[in-house]
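Student: 3D model of this:
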Amino acid sequence: MLSNKRIQELELVMEFEKVEECFKEVSSWIENVGRKRLKETINLDDSLEMLLQAQKRFREFDLIASEYCRRGQEALKKMDQWEDFSSVDVRSYRVKLQSYRDQLEEFCNQLDENRHRICETVRLYEFFDKVR
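Tutor: Predicted coordinates for the structure are as follows:
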């Protein structure tokens, strides 16, 4: 039984190394592109026209960002089986996995919040535009 468990752990390590390339790609994109683009949407313009342009740019970015989030989540799902292993040899991989999970979750949440905030701001500006 101990030998079988050890073999399973080694198989997981090999699987992790395959999936890690995806993690690294997603993580690099989040840090080098995604976060910068999200920061650009913090200050929204004061006119409806400019806000609609910002919303259009955000939607284009959102399509790409959502794809990276999806890819990262799929890769993490493949590694769900790590939860069953607690040996010291696997611990460092679990720490890496949790780091990727935290980074992805934080970015995806920020993306959702910005999407909602921009949409609500546009609706508010459109409402005020109709009232005028």
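Student: mean confidence for the strand or helix carrying Arg117?
Tutor: Arg117 is located in helix 88-131, with elements delineated by DSSP states H and E. Over the span of helix 88-131, the pLDDT mean works out to 89.
Student: which helices and strands does that helix pack with?
Tutor: helix 2-29, helix 35-40, helix 48-78 (3 or more CB pairs under 8 Å, 6 or more residues apart in numbering; DSSP states H and E). For every residue, glycine as well, the C-beta is placed using N, CA and C.
Student: make a markdown table out of those helices and add mean pLDDT, distance to Arg123 and mean neighbour count.
Tutor: What follows is the helices and strands packed on helix 88-131, written out as a markdown table (pLDDT from 0 to 100; distance: least, CB to CB, whole Å; neighbours: other CB atoms under 10 Å):
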| stretch | mean pLDDT | distance to Arg123 | mean neighbour count |
| --- | --- | --- | --- |
| helix 2-29 | 86 | 30 | 14 |
| helix 35-40 | 92 | 20 | 14 |
| helix 48-78 | 93 | 10 | 15 |
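Student: who wins for proximity to Gln103 among the ones you listed?
Tutor: helix 2-29 (6.0 Å; CB to CB).
Student: tell me the gap between the closest one and the middle of its chain.
Tutor: 19 Å (CA atoms, centre = their mean, to the nearest Å).
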